[in-house]
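**Student:** sequence and predicted model, in that order:
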Amino acid sequence: MGDGLESLPDDIDALKAALIVARAEAAAARARQSDDQALIAHLKLQIEKLNRDRYGPRSERTARLLDQLELTLEELESSATEDELAAEMAAAKTTKVASFTRKRPSRQPFPEHLPRERVIVPGPVACACCGGARLSRLGEDITETLEVVPKSWKVIQHVREKFTCRDCEKISQAPAPFHVIARGWAGPSLLAMVLFEKFGQQQPLNRQAERYAKEGVPISLSTLADQVGGCTAALAPLFKRLEAYVLSAERLHGDDTTVPVLAKGKTDTGRIWVYVRDDKPFGGQAPPGPVFYYSRDRAGEHPQAHLANYSGIFQADAYGGYGRLYESGRNAGPILEAACWVHARRPFYVMADLAENARRKAQGKKPAVISPLALETVRRIDALFEIERNINGQSAERRKAVRQELSAPLVADLEAWMRAQRAKLSRSNDVAKAMDYMLKRWSAFTRFLDDGRICPSNNAAERGVRGIALGRKSWLFCGSDRGGERAAVMYSIIVTAKMNDVDPQAWLADVLARIAEHPVQRLDHLLPWNWRSAIRTVDQAA
């Protein structure tokens, strides 16, 4: 049997056309597969709910299983919508592949008790066919969009009046308004609230659906998940612009945190990585911003891939997976390691926590042993941080000058003292291990003395992942790898708004309202710092 290559055309243009068709067919196949998986998850959830209604709640495990099924459905519905949009875009490039559209259950009308706000779309003043001005009103089409105003719900009716020409009987009507998502029914403010609640306030969609139902607006979990997937796809170009901006920084902070991921019969431990650009400590004018990534494990290949094209200063902990980034001869250029003094200080602080010992004594517990060496190390490191507080926000040149004058002698004394004390300690001593952590990386710890851009701490990155660490108790786990990747995109967007003192929900609502018809060449105008400037300009003009 042949391999089929003899049937391929020799013409390059024909091969390109065949490749476009093949990609469109593959995208449609992926969309159909995602739709089938979402349907299966939906049916499994319905069966479990019916069994629970019939036989009653058998155990606490059953309730937890329902939560797991709902989260799985949420992730699969979002993924199916993303794949559907990708299939539509691929099909638009060819005339030989039909566009794939998911079969969604018929949506119930919006509740009658919700107020309606009529937004009249101006009708045509001339016939689109013959140009005649003798138009008479024929009727109207109404497109309803569910929108939310804080503490109240309403349905906005976009009324598009129809006109018929008395000269040629041609019917004219204004085009339908843009939606964030094709065939969308949710307004931008509602979508912004759902996204911010889920990724900014760590509230899963099933809990949001329960709250909305109590407010008199029942929205199913799968419907909300459908909107999350569509919004993530719509905001993906903005994430790419943010990613390019953050990774073009001269200096980056890096960190990672664990995130449980749902697996068959268990949960695996995935990772969320964050890289933060923040030039404020050395007086930089560039706005701050983070970019998040998700991975199934903590293998070193992940940060190496994230920073494959980066060169500059990288501030992080001593995780071994970063090691290859600091090797010389990288194609993208060198990466200089800057170690975190806060990381180094923590084990010493634990062994010298006088306040914790006082609490233990007050509670009648046996106090821990205070290490005099650890206490002295903490005192010396705190002296360095006291100097940093006084120069935070000043120029890089000023910070370097102060560090050379005041910090460099303290660092030199600390190194000499630590090496002298380390020689007296055994290898298994906890204080010795904490000292070895610093002494083996001393050049990375002292690099801040010669470069005013470097911070002695990696707090910027740790603040970036703090919301995820706090939210783990709320949402328990990610439903899938796709869910983790989707969360990383939305964390990047929302945390960027927070770091720039922009209300994430208000910003998202405005961006979602405009992004469908916003020029790609001016996508940077929607980034939080540019958006804030635009809003301020409008307010001043008013």
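**Tutor:** Done, it's in.

**Student:** switch to C-alpha atoms for all contacts and neighbour counts from now on
**Tutor:** Will do.

**Student:** so for stretch 514-521, mean pLDDT?
**Tutor:** Averaging pLDDT along stretch 514-521 gives 87.

**Student:** buried sites along it?
**Tutor:** For stretch 514-521, burial by neighbour count (16 or more other Cα atoms under 10 Å) applies to 514-516.

**Student:** the top helix by length along the chain: how far from the chain's middle?
**Tutor:** Across the chain, the longest stretch assigned as helix under DSSP state H is helix 12-55. Distance, stretch centre to chain centre, for helix 12-55: 24 Å (Cα atoms, centre = their mean, to the nearest Å).

**Student:** now do stretch 280-295
**Tutor:** From the chain centre to the centre of stretch 280-295 is a distance of 14 Å (Cα atoms, centre = their mean).

**Student:** buried residues, it. List them.
**Tutor:** 280-283, 287-295.

**Student:** can I get the buried residues of stretch 514-521 in a markdown table with distance to residue 130?
**Tutor:** As requested, those are exported to a markdown table (distance: Cα to Cα, whole Å):
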| residue | distance to residue 130 |
| --- | --- |
| 514 | 33 |
| 515 | 34 |
| 516 | 31 |
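
**Student:** list the ones among those that fall in helices.
**Tutor:** Among these, the members falling in helices (DSSP H) are residue 514.

**Student:** thinking again about what came up before, report all helices and strands that the longest helix of the chain contacts.
**Tutor:** Counting by 3 or more Cα pairs under 8 Å, 6 or more residues apart in numbering; DSSP states H and E, the packing neighbours recorded for helix 12-55 are helix 60-91.

**Student:** what is the mean pLDDT for the helix it packs on?
**Tutor:** Rounded mean pLDDT across helix 60-91 is 71.

**Student:** repeat for stretch 125-135
**Tutor:** So the average pLDDT for stretch 125-135 ends up being 90.

**Student:** can you give the contact residues for it?
**Tutor:** 163-168, 170-172 (Cα atoms under 8 Å, 6 or more residues apart in numbering).

**Student:** can you give me the buried ones in that stretch?
**Tutor:** Buried, per 16+ other Cα under 10 Å, within stretch 125-135: 126-127, 135.

**Student:** how long is it end to end?
**Tutor:** For stretch 125-135, the first-to-last residue distance is 7 Å (Cα to Cα, to the nearest Å).

**Student:** related to what we said a few turns ago, narrow the buried residues of stretch 125-135 to those in strands?
**Tutor:** Among those, DSSP state E puts residue 135 in strands.

**Student:** show the contacting residues for residue 121.
**Tutor:** Shown in contact with residue 121 (Cα under 8 Å, 6+ apart): 158-161, 174.

**Student:** could you pull out the strands for this structure?
**Tutor:** 116-121, 135-149, 152-165, 171-173, 251-263, 266-277, 289-295, 312-315, 335-338.

**Student:** mind putting those strands into CSV with distance to residue 87?
**Tutor:** Shown next, in CSV, are these (distance: least, Cα to Cα, whole Å):
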stretch, distance to residue 87
strand 116-121, 31
strand 135-149, 25
strand 152-165, 28
strand 171-173, 30
strand 251-263, 27
strand 266-277, 28
strand 289-295, 24
strand 312-315, 39
strand 335-338, 39
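
**Student:** ok, which of those strands comes nearest residue 40?
**Tutor:** Closest of the strands of the chain to residue 40 is strand 251-263, at 16.7 Å (criterion: Cα to Cα).

**Student:** show me how far that closest one is from its chain's centre.
**Tutor:** Centroid separation for strand 251-263 versus its chain: 12 Å, with Cα atoms, centre = their mean.

**Student:** going forward, count from 126.
**Tutor:** All set: I'll call the first residue 126, so the last point we hit is now strand 376-388.

**Student:** residues in contact with that strand?
**Tutor:** Under the contact criterion Cα under 8 Å, 6+ apart, strand 376-388 has outside partners 392-404, 437-442, 578-579, 583, 585-587, 590, 593-594, 597, 601-606, 609.

**Student:** buried members of those into ChimeraX, please.
**Tutor:** A single ChimeraX command suffices to select whichever of the contacts of strand 376-388 are buried according to 16+ other Cα under 10 Å:
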select :393,394,395,396,397,398,399,400,401,402,403,404,437,438,439,440,441,442,578,579,583,585,586,587,590,593,601,602,603,604,605,606,609
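
**Student:** figure out which of the strands of the chain is closest to residue 565.
**Tutor:** Residue 565 lies closest, by Cα to Cα, to one member of the strands of the chain: strand 460-463, at 13.1 Å.

**Student:** which other helices and strands does the closest one contact?
**Tutor:** Packing contacts for strand 460-463, counted by 3+ Cα pairs under 8 Å, 6+ apart, involve strand 437-440, helix 567-571.

**Student:** what sits up against it?
**Tutor:** Strand 460-463 is contacted by residues 435-441, 450-452, 569-570, 572-573, 579, 581 when judged by Cα under 8 Å, 6+ apart.

**Student:** try it again at 7 Å.
**Tutor:** By Cα atoms under 7 Å, 6 or more residues apart in numbering, the residues outside strand 460-463 that reach it are 436-441, 450-451, 569-570, 572.

**Student:** quick check: buried residues in it?
**Tutor:** For strand 460-463, the neighbour count (16+ other Cα under 10 Å) marks 460-463 as buried.

**Student:** partner strands of that strand, with direction?
**Tutor:** Next to strand 460-463 in the sheet, as set by DSSP bridges, lie strand 437-440 (parallel).

**Student:** quick one: mean pLDDT for the strand it pairs with?
**Tutor:** On average, strand 437-440 scores 96.

**Student:** export it to PDB, keeping only CA atoms.
**Tutor:** C-alpha atoms of strand 437-440 as PDB (Å, rounded to 0.1, in the frame of the first residue of the first chain):
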ATOM      1  CA  GLY A 437      18.400  40.100  32.000                       C
ATOM      2  CA  ILE A 438      18.200  39.800  35.800                       C
ATOM      3  CA  PHE A 439      16.100  37.000  37.300                       C
ATOM      4  CA  GLN A 440      15.200  37.200  41.000                       C
END
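
**Student:** show me where pLDDT drops low in this structure?
**Tutor:** Low-confidence regions of the chain, defined by pLDDT under 70, span residues 126-134, 173-196, 198, 222, 224-232, 387-391, 479-489, 491-494, 594-604, 657-667.

**Student:** against the centre of it, work out the most remote residue.
**Tutor:** In the chain, counting by Cα atoms, centre = their mean, residue 292 sits farthest out from the average C-alpha position, at 55.5 Å.

**Student:** what's around residue 453, how many residues?
**Tutor:** 11 (other Cα atoms under 10 Å).

**Student:** still on that earlier bit, out of the buried residues of stretch 405-420, which two sit at the greatest distance?
**Tutor:** Based on Cα to Cα, the longest span within the buried residues of stretch 405-420 runs between 408 and 420 and measures 33.6 Å.

**Student:** quick one, what contacts residue 620?
**Tutor:** Shown in contact with residue 620 (Cα under 7 Å, 6+ apart): residue 415.

**Student:** how much space between it and residue 591?
**Tutor:** 11 Å.

**Student:** same check, this time on residue 581
**Tutor:** 19 Å.
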